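Chemist: Quick one: sequence and predicted model below, then my questions.
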Amino acid sequence: MELHQLKLFLDLVREGSFTRVAEMNRLTQPAVSLQIQRLEADLGCKLLERTTRRVLVTEEGRILAAYARDIIALSQGAQQALLERRGQMVGSLRVAAIHSVGLYELPDYLKRYIHLYPDVHLHIEYHRSELVYQLVLQGSVDVGLVAYPEPRDSMVVIPFLEDEMVVIVNPEHPFALRDGDGVSLQELNGQEMIGFDGNIPTRRATDSVLAQAGVHVNVKMECDNVEIMTKMVEVGLGIALAPQYSVQEQSRRGVLKVLRLRDYHFLRPL
């Protein structure tokens with residue numbers, strides 16, 4: 001039983017696909033299969049079952065996975081401790097983020113991180129909030145970035161930053177004629193809006209803010225990410241409340257008009 005075999009095994013448990021694991025590790029699929037066969041032969045049991053759709057983990061495989069995560073973590077920790085003693089920071093950092101944070105707010109921080117720690121390999125994934133939580137709890141990633149973070153078992157929540165929610169409109173919308181005055185919550189009453197999907201935390205927070213103000217809007221369309229939302233606003237299908245960081249480029253290009261809420265400071269914690 002070797003460390004690289006355990007790593008391939010854990011990758012298969014997480015990804016459920018020999019093809020994807022081979023690509024991730026820059027190996028051929030037969031090479032991955034051979035290492036798993038050798039691991040199973042060493043342990044004398046079947047760890048994985050192949051089906052036509054994905055790889056399934058046997059009961060023995062689940063037992064090994066729990067220990068393998070600890071073994072890999074201890075190995076990486078030992079290497080890290082020795083390298084840090086020599087003044088080096090190496091290894092890998094796996095990050096899962098929601099789209100709006102990963103695409104618009106994280107890149108500047110990653111640039112600085114890479115400058116400080118050039119020998120650390122970064123792996124970034126974009127997912128919905130609930131899957132980000134799951135990946136952190138499973139140990140599949142080291143850090144998760146979500147909006148409106150919630151404390152959960154075996155997980156530490158650290159405030160990152162706050163992003164202001166702003167009103168975005170098509171340049172031909174009547175609101176776009178305003179010059180720096182912003183809009184009030186009450187002026188949103190009756191507006192046709194593009195919203196996030198109902199199970200996204202930012203959508204729930206938006207609904208709560210509007211409801212508390214007695215504002216009723218007509219949600220014309222729901223989107224699962226901010227890029228689709230801004231595109232729908234660009235073509236004039238409605239207005240939206242969106243994170244300010246995610247619309248800065250469109251504002252500079254003039255394809256969207258960004259307006260602050262003048263009577264409510266709507267912040268989205270990350």
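Modeler: Ah, there it is. Residues are numbered from 1 along each chain as shown.

Chemist: can you give me the helices in the stretch 151-270 of the chain?
Modeler: When secondary structure is read from DSSP state H, counting those that start in this stretch, the stretch 151-270 of the chain shows helices at 201-212, 226-234, 248-253.

Chemist: For the second one, which helices and strands make contact with it?
Modeler: Contacts defined by 3 or more C-beta pairs under 8 Å, 6 or more residues apart in numbering; DSSP states H and E place helix 226-234 against helix 99-104, strand 162-169, strand 192-196, strand 218-223, strand 240-243. All C-beta spots, glycine's among them, are computed from the backbone N, C-alpha and C.

Chemist: right, so of these, which gets closest to R152?
Modeler: Relative to R152, the nearest member of the helices and strands packed on helix 226-234 by C-beta to C-beta is helix 99-104, separated by 18.0 Å.

Chemist: contact partners of that closest one?
Modeler: The contact list for helix 99-104, computed with C-beta atoms under 8 Å, 6 or more residues apart in numbering, reads 95, 124, 126, 145-147, 202, 225-227, 243, 245-246, 248, 270.

Chemist: Determine how far that helix lies from the middle of the whole chain.
Modeler: 7 Å (C-alpha atoms, centre = their mean, to the nearest Å).

Chemist: repeat for stretch 144-162
Modeler: With C-alpha atoms, centre = their mean as the basis, the distance from the averaged C-alpha position of stretch 144-162 to the chain average is 12 Å.

Chemist: and G195, what does it touch?
Modeler: Residues touching G195, when contacts are defined by C-beta under 8 Å, 6+ apart, comprise 203, 206, 219, 221-223, 229, 240-241.

Chemist: ok, now Q76?
Modeler: The neighbourhood of Q76, defined by C-beta under 8 Å, 6+ apart, consists of G91.

Chemist: distance of it from A41?
Modeler: Counting by C-beta to C-beta, to the nearest Å, the gap from Q76 to A41 is 26 Å.

Chemist: Show me how the record splits the protein into domains.
Modeler: For the chain, the structural domains run 1-86, 89-160, 162-269, going by automatic domain parsing.

Chemist: number of nearby residues for G190?
Modeler: For G190, the tally of surrounding residues (other C-beta atoms under 10 Å) stands at 10.

Chemist: That one and N218 touch, don't they?
Modeler: Yes - with contacts defined as C-beta atoms under 8 Å, G190 counts as touching N218 at a distance of 7.0 Å.

Chemist: Look up the closest residue to the most centrally placed residue in the chain, ignoring the ones flanking it.
Modeler: Nearest to the mean C-alpha position of the chain, counting by C-alpha atoms, centre = their mean, stands A97 at 1.9 Å. Closest residue to A97 in three dimensions, ignoring its sequence neighbours and counting by C-beta to C-beta, 6 or more residues apart in numbering: L145, at 3.9 Å.

Chemist: Count the neighbours of that neighbour for me.
Modeler: The burial metric for L145, expressed as a neighbour count using other C-beta under 10 Å, is 24.

Chemist: and it, what are its phi and psi?
Modeler: Taking degrees, to the nearest 10, you get phi -120, psi 120 for the backbone angles of L145.

Chemist: Buried residues, stretch 195-205. List them.
Modeler: Applying a neighbour-count criterion of 16 or more other C-beta atoms under 10 Å, one finds 195-196, 200-203, 205 buried in stretch 195-205.

Chemist: Great, nothing more from me.
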